[in-house]
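Student: the following comprises the amino acid sequence and a computationally predicted model.
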Amino acid sequence: MDRKNRFNDVLTHSGTDEALSETGPGTLNRTGVNTSPEMALDLIREAQRTPPDPPGDARMLAEYRGEYIREKTVIGSKPVPAVSGRNRIPAADGAGSIFLDKLGERLAFERQGVRLYECLIGKVMHMGMVAGGPTLEDLEHILEEERKHFLHLQRAVIGAGGDPTVQTPCADIAGVLSQGILQTVADPRTTVAQCLEAVLQAELADNDGWSMLRNLAMAVGARDLDEMIQKAQEHEDEHLAMVRGWLANLVVGRDAVSWKAVKATSAESGKGQAKPKAAGRSKRPEPPGKSGKAKTRKPGRK
Ligand SMILES: [Fe+2]
Ligand SMILES: [Fe+2]
């Protein structure tokens, strides 16, 4: 079989039509080596003939990085609580500093959450709403709650004797971690489902972040923040359930075969899954594992 015929054969057997419908017209995926097995052999031979330049391996990389690690440089410096402050935590054992560091992290995360949902709203506005996916009203509702969390945290930082404009070490790391998430949603080529995959990562971290903060607040005696944190946890719980539901609708719900497979697996493991929505329905999805318990709050309602 000549090279052209072999190429056509590969296309025939790799479900070209399906690939086009997944990624849009004119975007045939040629990244796999089976697109051209003959050329792949040339590529492998050439890679074997050409060693890395400069030479090295993982062990050498670890050695090189070790020089910097041994210098013990740290990311930023811990915030120090001011003398005044409604919720000032005793700084003697460093608890106040750790608390401010984590409050700063939450603050940075919620700020990024606002940007994330603003970005997703823009995407849905221009791309159009997808059946089974989020409505603009849903996204505005979450955006507003993320914004409120940010404002509450600003006040909490001030109350704990901190400065909300300070970039704390954990805030710095949270910012770096979320870069890929925001980039995914901001990329004009990504679909709503692909964006929701990124948003799911953010909401998972958001949920754990608030749980950690609540435990820490209890540990340092900042009990007057408990109500605010609990409320935020309720919101974040709902955000996570909604995002999971939309993602299940868009990824699983559109493929009956896959859905049956997931359902069978789910039945075996005894766990529930979101019911796929019929095309055109825009009702808020029931979150997986919470069937019948999904809240239906109106946007802005606390
Ligand atoms: Fe959040
Ligand atoms: Fe959230």
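Tutor: Sure, I can see it. Ligands and ions are numbered 1, 2, ... in the order given.
Student: count the residues that sit near the residue nearest to residue 109 when sequence neighbours are not counted.
Tutor: Nearest-residue entry for residue 109: residue 174, 5.0 Å, with adjacent residues in sequence omitted and distances by Cβ to Cβ, 6 or more residues apart in numbering. C-beta here means a position set from N, CA and C on the backbone, and glycine is covered the same way. Burial of residue 174 is recorded as 22 neighbouring residues (other Cβ atoms under 10 Å).
Student: pLDDT score for residue 174?
Tutor: Here, the pLDDT recorded for residue 174 equals 95.
Student: how far away is it from residue 208?
Tutor: As for residue 174, its distance to residue 208 is 12 Å (criterion: Cβ to Cβ, to the nearest Å).
Student: same question, residue 124
Tutor: Relative to residue 208, and taking Cβ to Cβ, residue 124 is found at 26 Å.
Student: higher neighbour count, these two?
Tutor: Taking other Cβ under 10 Å, residue 124 and residue 208 do not tie; residue 124 has more neighbours (18 against 11).
Student: buried residues in the helix or strand that one falls within, which are they?
Tutor: Here residue 124 is covered by helix 95-127, with elements defined by DSSP states H and E. When neighbours are counted by 16 or more other Cβ atoms under 10 Å, the buried residues of helix 95-127 are found to be 95-114, 116-121, 123-124.
Student: for the residue nearest the centre of the chain, list the residues it contacts.
Tutor: Nearest residue to the geometric centre of the chain (Cα atoms, centre = their mean): residue 201, 2.4 Å. Residue 201 is in contact with residue 181, counting by Cβ atoms under 8 Å, 6 or more residues apart in numbering.
Student: can you give me the buried ones in the helix or strand containing residue 156?
Tutor: According to DSSP H and E, residue 156 maps onto helix 136-159. Residues of helix 136-159 classed as buried by neighbour count (16+ other Cβ under 10 Å): 138-150, 152-154, 156-159.
Student: and that helix, what does it pack onto?
Tutor: Of the remaining helices and strands, those touching helix 136-159 by 3 or more Cβ pairs under 8 Å, 6 or more residues apart in numbering; DSSP states H and E are helix 95-127, helix 226-251.
Student: one more time with 10 Å
Tutor: Contacts of helix 136-159 with other secondary structure elements, assessed using 3 or more Cβ pairs under 10 Å, 6 or more residues apart in numbering; DSSP states H and E, are made with helix 95-127, helix 192-220, helix 226-251.
Student: next, format those as JSON lines and append mean pLDDT and distance to residue 66.
Tutor: Conversion of these to JSON lines gives the following (pLDDT from 0 to 100; distance: least, Cβ to Cβ, whole Å):
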{"stretch": "helix 95-127", "mean pLDDT": "96", "distance to residue 66": "27"}
{"stretch": "helix 192-220", "mean pLDDT": "96", "distance to residue 66": "29"}
{"stretch": "helix 226-251", "mean pLDDT": "96", "distance to residue 66": "39"}
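Student: residue 164 is nearest to which of the ones you listed?
Tutor: Within the helices and strands packed on helix 136-159, the stretch nearest residue 164 is helix 95-127; the backing value is 6.1 Å (Cβ to Cβ).
Student: what's the spacing between the closest residue to ligand 2 within the stretch 201-302 of the chain and ligand 1?
Tutor: Among the residues of the stretch 201-302 of the chain, residue 239 lies nearest to ligand 2; the distance is 3.7 Å by Cβ to the ion. Distance of residue 239 to ligand 1, given as Cβ to the ion, to the nearest Å: 7 Å.
Student: how about residue 203?
Tutor: When distances are taken as Cβ to the ion, residue 203 and ligand 1 turn out to be 7 Å apart.
Student: touching, that residue and residue 197? I think so.
Tutor: No: using Cβ atoms under 10 Å, residue 203 makes no contact with residue 197, being 11.1 Å away.
Student: these two: who's more crowded?
Tutor: More neighbours surround residue 203 than the other of residue 203 and residue 197, with 22 against 18 (other Cβ under 10 Å).
Student: before we move on, back to that, which of the buried residues of helix 95-127 come close to ligand 2?
Tutor: Contacts with ligand 2 are made by none of the buried residues of helix 95-127, judged by Cβ under 5 Å from the ion.
Student: okay then, goodbye and thanks.
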